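Trainee: generate a structure from the sequence data that follows.
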Amino acid sequence: MRSWRTVDLVGLLALAVLLALPAVAPSWLVGDLAMYLSYALLAVALAFAWGHCGLLSLGHGVFFGIGAYAMGTLTLGMLPGLEAVRSTWLGLVFAVIASGATAWTIGWFTFAGRGLHGAFFGIVTLALAVVFERLAINWDWLGGLNGLMNVPPITLGPNGDGAELWEPVPLFYVMLGVLAATVAGLTAYQRSDRGLALAALRENELRARALGYDTGALKRRAFALSGAVAGLAGALFVVQFGFASPALIGFSLSAEALIWVALGGRGELVSAAVGVIALRLLDSQFSSSLEAWWPLVVGLIFMAVVVLLPRGIVGEAVYRIARQRGR
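Mentor: So this is what the prediction gives:
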């Protein structure tokens, strides 16, 4: 339990720093951070599936993109028979349900019977990312290669009316609140009986099945929950960015998310979230100066961390602090 308490303290410290940041940071940086928090939400979803449940998804950007497109189609009045419905709140619900249902359906096919494991499951999710990206590119209703433009920002009214939430500081605090609530909720789920069963499944699925657990059902529910959180992240991203493109649903974003989680630490949700924010800040600072060399630098850092720090940079720091506290 000491390691969990350490993680809680690290999470509270990170939350306190982020709460105080708008008081000293310029408005443009606060606006960028609000968008980075949606990426952090995607990383948390992937860390839950990969780190806690042992489900290595190489195409988690699919659910992020589905959430973005779901939000865009509803708030733009594109859904047949529901053209008058443009509520941001219903858009969020639609994004979560669409992404979660897609993840559950994928899980139903891949986890049936003895199901797919490890790299085989990852290869399937990778292939699905390519399929969904091509589908978005060739579907004129979704805008094709151009995507959906002019997606409305968050509107506080019941049906796309009322005040719009676009100023950096309020938007940042809303995103931070959603991220903190999601991390707290998933952490509580991880510590519940079902969460412990998922951890047991990750360590030894055959033993968990021998103890009477329906491992297929457990993995389906966990993957659907992770997909729903990723869909929420996509919906909250598109209302800030104003544009949903096929790149959001393809392999490129999925690969980036995998790198974020590996660098931050897949073992803890807080580590993954902090790692994303730090890496995106470094990207904004050095990508313009290093230009084409920046992806090479990130790739080298990624390989070094995978070999030398399998818990991730933030995850390793949390682990060492926990050991010191244990002594």
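Trainee: who's in contact with the spatially most central residue of the chain?
Mentor: Closest to where the C-alpha atoms of the chain average out (Cα atoms, centre = their mean) is residue 42, at 0.9 Å. Listed by Cβ atoms under 8 Å, 6 or more residues apart in numbering, the contact set of residue 42 reads 60, 61, 64, 230, 233, 234, 257, 276. In short, each C-beta sits where N, CA and C put it, glycine included.
Trainee: in strands, which of those residues appear?
Mentor: Among the contacts of residue 42, no member is found in strands (DSSP state E).
Trainee: closest to residue 111 among those residues?
Mentor: residue 60 (16.2 Å; Cβ to Cβ).
Trainee: got the confidence number for the residue nearest to the centre of the chain?
Mentor: Here, the pLDDT recorded for residue 42 equals 96.
Trainee: chain neighbours aside, what residue packs nearest to it?
Mentor: Excluding the flanking residues, the one nearest residue 42 by Cβ to Cβ, 6 or more residues apart in numbering is residue 233, at 4.3 Å.
Trainee: residues in contact with the one you found?
Mentor: 38, 39, 41, 42, 45, 64, 67.
Trainee: where does the stretch 201-327 of the chain have low pLDDT?
Mentor: Scanning the stretch 201-327 of the chain for pLDDT under 70 picks out 287-288, 326-327.
Trainee: so what touches the one helix or strand residue 296 maps to?
Mentor: Residue 296 belongs to helix 293-308 when assigned by DSSP states H and E. Residues outside helix 293-308 that contact it (Cβ under 8 Å, 6+ apart) are 259, 262, 263, 279, 283, 286, 287, 290, 312, 313.
Trainee: correct me, but the second one touches residue 312?
Mentor: Yes. With contact taken as Cβ atoms under 8 Å, residue 262 and residue 312 are classed as touching, separated by 6.2 Å.
Trainee: can you lay out the contacts of residue 42 as TSV showing distance to residue 177?
Mentor: Formatted as TSV, the contacts of residue 42 follow (distance: Cβ to Cβ, whole Å):
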residue	distance to residue 177
60	23
61	24
64	20
230	18
233	14
234	18
257	22
276	17
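Trainee: next step: those residues restricted to helices.
Mentor: Under the assignment DSSP state H, the contacts of residue 42 contribute 61, 64, 230, 233, 234, 257, 276 to helices.
Trainee: right, and the last one touches residue 45 too?
Mentor: No. Using Cβ under 8 Å, residue 276 and residue 45 do not qualify as a contacting pair, with a distance of 11.3 Å.
Trainee: quick one: the strands in this structure?
Mentor: Counting by DSSP E, the chain has strands at residues 148-149, 154-155, 164-165, 243-244.
Trainee: of the contacts of residue 42 - the most surrounded one?
Mentor: Highest neighbour count within the contacts of residue 42: residue 230, with 34 neighbours (other Cβ atoms under 10 Å).
Trainee: next, the contact list for that one, please.
Mentor: Taking Cβ under 8 Å, 6+ apart as the test, what residue 230 contacts is 41, 42, 45, 46, 60, 61, 63, 64, 67, 99, 103.
Trainee: hmm, try it at 6 Å
Mentor: Residue 230 makes contact with 42, 45, 60, 63, 64, 99, according to Cβ atoms under 6 Å, 6 or more residues apart in numbering.
Trainee: likewise residue 209?
Mentor: Contact partners of residue 209, counting by Cβ under 6 Å, 6+ apart, are residue 215.
Trainee: between the contacts of residue 230, which is closest to residue 118?
Mentor: Of these, the one sitting nearest to residue 118 (Cβ to Cβ) turns out to be residue 60, at 15.9 Å.
Trainee: and the closest one, what is it in contact with?
Mentor: With contact set as Cβ under 6 Å, 6+ apart, residue 60 has these partners: 46, 230, 254, 257.
Trainee: want to throw the residues you listed into CSV with distance to residue 164?
Mentor: Listed next are the contacts of residue 60 as CSV, based on distance: Cβ to Cβ, whole Å:
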residue, distance to residue 164
46, 30
230, 25
254, 31
257, 29
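Trainee: might one say that residue 125 is in contact with residue 56?
Mentor: No. Counting by Cβ atoms under 6 Å, residue 125 sits too far from residue 56 to count as a contact (8.1 Å).
Trainee: looking at those two, which is more packed in?
Mentor: More crowded of residue 125 and residue 56, by other Cβ under 10 Å: residue 125, with 24 against 20.
Trainee: ok, and the closest non-adjacent residue to residue 39?
Mentor: Using Cβ to Cβ, 6+ apart, the closest residue to residue 39 is residue 276 (5.2 Å).
Trainee: please report how far the residue nearest to the centre of the chain lies from residue 242.
Mentor: 18 Å (Cβ to Cβ, to the nearest Å).
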